[in-house]
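Build me a structure from this.
(one chain, ligands or ions: 1)
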Amino acid sequence: MVKNIVEFNHVSVTFQQNHKDVHAVSDVSFGIPTGQIFGIAGYSGAGKSTLVRTINLLQQPTAGRISVLGEIFFDADDAKHPAIGAKKLRQQRRKIGMVFQHYNLLNEKTVIQNVEFALKHSDLKAKEVTQKAAELLEDVGLSKLAKYYPAQLSGGQQQRVAIARALANDPQILISDEATSALDPENTNQILDLLQELNQKYQLTVILITHEMEAIKRICDQVVIMDSGKVVDSGSLLDVFVKSENPVTHRIVGNDFDAKAILNSLQIDWSNRKLVQLIYYSGQISEPIIVELYSRFNVAANIVYADIEEFKQQLVGTMIVELNGNEAQTQQALDYLQQLDIETTELRGAAV
Ligand SMILES: Nc1ncnc2c1ncn2[C@@H]1O[C@H](COP(=O)(O)OP(=O)(O)OP(=O)(O)O)[C@@H](O)[C@H]1O
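Residues are numbered from 1 along each chain as shown. Alright, predicted model coming up:
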């Protein structure tokens, strides 16, 4: 099994529009580990769709190299044959399923016929095709609606049909390009949970392209943030959402853990106050720390702000507290928090 099921090396895509170059993707390099749910996030127009369309060469890059499933699909430096041959590409594309914001179902066919349609080039006999389609519908929780027509289904149900269809040829990669963008929050979460189930059941690598940060936070293992065609940040959810200090990342993913932004938005003048930001992870706090700081060190901790966020079932909390105590005792209190593996950052001295 290859470590990275997709690898982008210095990939660029430039379009010509009105005699001008549009740099939709600029010098992007990163790998997507096999078996992960991998998020590509950013605002509309950041270049996400263009980049993922290069994976199965629906979009040819103008520069760079792309490896997929351990094979070089495209290498701009190979002047004679930059792309893999058409026949090979057709075979390999079957290992890459795609779902989009629009479900693109065939309205005159029933739910099961829509899934069967995706198997028409397979080697299966008619009976096996029907059986396989029925199994796929069971995977996506739609067995009971097999004979319905798309128009009789809700948006979330239609997207489930699209997912079953995308899985028809047992792909190793499923690309979800804004697949939940047209759905309400409840349906969005159900589709995301389904993608997670499929990821686990079939060791399916899921590439989730979205501008919705809540979707990334709910199911992704790793994420890259794109802005203006470039990758501006990458890493685990905690690296990007909690620890990143990149202002562009903050603008895109939000400021939930950025103490300065929080204090500014609360209009708290903290220039002469001893404020400390605490960041802690699920299961970490079993003691009533605020009480402990007072009883052990005689340091009073007033909570200025507190929040808790969930990242793929891991809770991360942040508190901004004002510590009142003498210098030595306050230092002891901070040491104590660090012993509990609570990350502490002193905010003293900076202006609003
Ligand atoms: N075929 C094309 N010709 C010219 N410009 C294009 C073409 N396709 C995309 N672009 C431009 O490339 C940039 C990136 O578009 P892209 O669709 O990849 O962004 P995105 O992050 O996926 O956003 P969205 O979710 O809105 O599609 C945009 O400025 C877009 O207008």
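
lowest confidence element among the helices and strands of this protein?
For the chain, scoring each helix and strand by mean pLDDT, DSSP states H and E identifies helix 259-265 as the least confident one, at a mean of 88.

Name the residues that touch that helix?
When contacts are taken as CB atoms under 8 Å, 6 or more residues apart in numbering, the neighbours of helix 259-265 outside the stretch itself are 250, 255, 270, 275, 277, 304-305, 318, 320, 345, 347, 350, 352. Where C-beta positions appear, they are placed from N, C-alpha and C, glycine not excepted.

Does L124 touch K132 like I think?
Yes - checked against CB atoms under 8 Å, the pair L124 and K132 is within contact range at 6.3 Å.

Now for those two: what residues contact both?
Both L124 and K132 lack any common contact, where contact means CB under 8 Å, 6+ apart.

quick one: which of the two has more around it?
Legend: neighbour count by other CB atoms under 10 Å for L124 and K132, higher for K132 (20 against 16).

what about Q60, which SS state?
coil (DSSP: H, G, I helix; E, B strand; the rest coil).

mind listing what it touches?
Q60 sits in contact with V13, T54, F74, P82, A83, where contact means CB under 8 Å, 6+ apart.

rewinding a little: any idea how far the least confident helix or strand of the chain is from the chain center?
Distance of helix 259-265 from its chain centroid, counting by CA atoms, centre = their mean, to the nearest Å, is 25 Å.

mind listing what's buried in that helix?
For helix 259-265, burial by neighbour count (16 or more other CB atoms under 10 Å) applies to A259, I262, L263.

What of stretch 309-326?
In terms of neighbour count (16+ other CB under 10 Å), stretch 309-326 has its buried residues at E309, F311, V316, G317, T318, M319, I320, V321, E322, L323, G325.

OK, contacts around the fourth one?
Pointing back at G317 there. When contacts are taken as CB under 8 Å, 6+ apart, G317 is in contact with L278, I279, Y280, Y281, I285, A306, D307, I308, E309.

For the closest residue to the ligand within the stretch 151-300 of the chain, which residues are in contact?
As assessed by CB to the nearest ligand atom, the ligand sits closest to E178 within the stretch 151-300 of the chain, at 5.7 Å. E178 sits next to S49, F100, Q101, I209, T210, H211 when contact means CB under 8 Å, 6+ apart.

which of the residues you listed come close to the ligand?
Contacts with the ligand within those, as defined by CB under 6 Å from any ligand atom: S49.

next one: stretch 16-25 to chain centre, how far?
Taking CA atoms, centre = their mean, one finds the center of stretch 16-25 at 27 Å from the center of the full chain.

One more: stretch 97-109?
Per CA atoms, centre = their mean, the displacement of stretch 97-109 from the mean C-alpha position of its chain is 22 Å.

how about it: buried residues?
G97, M98, V99, F100, Q101, Y103, L105.

okay if I get these as CSV plus pLDDT and secondary structure?
What follows is these, written out as CSV (pLDDT from 0 to 100; DSSP: H, G, I helix; E, B strand; the rest coil):
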residue, pLDDT, secondary structure
G97, 96, strand
M98, 96, strand
V99, 97, strand
F100, 95, strand
Q101, 94, coil
Y103, 93, coil
L105, 96, coil
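
about what we covered before: which of the contacts of Q60 lies closest to Q338?
Proximity of the contacts of Q60 to Q338, judged by CB to CB, is greatest for T54, which lies at 45.0 Å.

Tell me, how many residues neighbour the nearest residue to that closest one once chain neighbours are set aside?
Distances taken as CB to CB, 6 or more residues apart in numbering put P61 closest to T54, at 5.2 Å, once the chain neighbours are dropped. The criterion is other CB under 10 Å. On that basis, P61 has 27 neighbouring residues.
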